[in-house]
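J.: fold the following.
(one chain, ligands or ions: 2)
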Amino acid sequence: MKRTITAILCLILVLGAFTSCAGCGKHPTDPAAKGHDYLPQWSTNATHHWHDCSDKTCTAQIDKAEHTWSEPTLVKEATVKEPGELKSVCTVCQRSKIEYVEFKGFDASFWTDLAKASNYENYTLSENTVAGDVYASALYYFTADKVYLTSVNVDTSEMTTEEVGEATAERLRSYYTNFLGTVIELGQKCEYVLISRSFASSESFDVTVDGKAYKISELKIELDDDLKVTKLDFVMTDAENSAVKYDYSFSAYGTTVKPE
Ligand SMILES: [Zn+2]
Ligand SMILES: [Zn+2]
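T.: Ligands and ions are numbered 1, 2, ... in the order given. Below is the predicted model:
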């Protein structure tokens, strides 16, 4: 009997040495009983923060909770080239997150710059007039000091290009660029659909040119990488006679192309 008791006691001692490892403390197999030494810094993922146990082999965590995000602040304005960035910071663990905001529109100064007459030197203005059955087409080339006009004779289909002359050029340039400015100003007020770098509006608006009422529709503006206008199209319809329509198109022809 005494042998049996001794054997059992020995077994308990041996097993006890394996399960507790209380002597060295390096390999606690019963963490709940031993307790943990948690890291002061937060561990985080996209949704939560918590404190990990300093023992890398231990998976215990405390204070696990969802982030409490601050009010987002705009750290980068959206541009036509890149989306804007809204930054939020967790008030507990300081982890930050970025949300992207789409470009919604230009500010007033962009539109003011766009409407400047000097932007439309070396531009072509094509004017297609539809009045009942009569269709006429004209192309104006604007240089810094002159305007050239290419027109098509409706009866003979003959095409001619002529220098409109400096004085007239000034007047024409002023007329068209001021008119263009009006169109752009009107465009600024309407809802735009941003498709890559082009803007299109399905709205129409009323405009008065030389005392006559017109309706402008199908306005579309295209921009290049430097946000310069490469194309601007719109349709102008006589308010009193919708059969009379003008398709206008401004586009850059560059400095190398000059009409003969
Ligand atoms: Zn631990
Ligand atoms: Zn957090």
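J.: going by C-alpha atoms from here, please, whenever you check contacts or count neighbours.
T.: Fine.
J.: which ones are touching residue 49?
T.: Going by CA atoms under 8 Å, 6 or more residues apart in numbering, residue 49 touches 42-43, 63-67, 93.
J.: what about the nearest residue to residue 134 once chain neighbours are set aside, which helix or strand?
T.: In space, and not counting its chain neighbours, residue 134 is closest to residue 154: 7.6 Å by CA to CA, 6 or more residues apart in numbering. Secondary structure from DSSP states H and E places residue 154 outside every helix and strand.
J.: so what's the backbone phi/psi at residue 154?
T.: With angles defined as degrees, to the nearest 10, residue 154 sits at phi -60, psi -40.
J.: and it, what is it in contact with?
T.: Listed by CA under 8 Å, 6+ apart, the contact set of residue 154 reads 134-136.
J.: now do the helices in this protein.
T.: In the chain, the segments counted as helices under DSSP state H are 2-20, 31-34, 108-114, 166-189.
J.: who's in contact with the top strand by length along the chain?
T.: The longest strand of the chain (DSSP state E) is strand 212-223. Defining contact as CA under 8 Å, 6+ apart, one finds that strand 212-223 is touched by 187, 197-208, 229-240.
J.: which strand residues bridge residue 220?
T.: residue 200, residue 233 (DSSP bridges).
J.: neighbours around it, how many?
T.: Close neighbours of residue 220, defined as other CA atoms under 10 Å, add up to 19.
J.: that one and residue 251, how far apart?
T.: Computed with CA to CA, to the nearest Å, the distance linking residue 220 and residue 251 is 12 Å.
J.: shared neighbours of the two, anything?
T.: 231-232.
J.: how about residue 152: what's its closest non-neighbour residue?
T.: The shortest distance from residue 152 to any non-neighbouring residue, by CA to CA, 6+ apart, is to residue 159 (4.4 Å).
J.: so who does that neighbour touch?
T.: Residues in contact with residue 159, defined by CA under 8 Å, 6+ apart, are 150-153.
J.: again, but for residue 99
T.: 85-87.
J.: where does pLDDT dip in the protein?
T.: The chain contains residues with pLDDT under 70 at 1-34, 80-81, 104-108, 110-111, 114-121, 132, 165-200, 225-228, 253-260.
J.: outline the domain layout of it.
T.: The chain breaks down by automatic domain parsing into domains covering 37-103, 108-252.
J.: rewinding a little: which of the contacts of strand 212-223 fall in strands?
T.: Among the contacts of strand 212-223, DSSP E puts 198-200, 205-208, 229-238 in strands.
J.: show me the contacts for residue 160.
T.: Counted by CA under 8 Å, 6+ apart, residue 160 has contacts 149-152.
J.: could you check how far it is from residue 150?
T.: Distance, residue 160 to residue 150, by CA to CA: 5 Å.
J.: need the contacts of residue 159 in CSV (columns: distance to ligand 1 and neighbour count).
T.: Shown next, in CSV, are the contacts of residue 159 (distance: CA to the ion, whole Å; neighbours: other CA atoms under 10 Å):
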residue, distance to ligand 1, neighbour count
150, 86, 18
151, 87, 19
152, 89, 16
153, 92, 13
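J.: from these, which two are the most distant?
T.: 150 and 153 (10.0 Å; CA to CA).
J.: interface residues of the stretch 1-150 of the chain facing ligand 1?
T.: Where the stretch 1-150 of the chain comes near ligand 1, counting by CA under 5 Å from the ion, the residues are 36, 53, 58.
J.: mind doing that once more with 8 Å?
T.: Neighbours of ligand 1 within the stretch 1-150 of the chain, by CA under 8 Å from the ion: 31, 35-38, 52-60.
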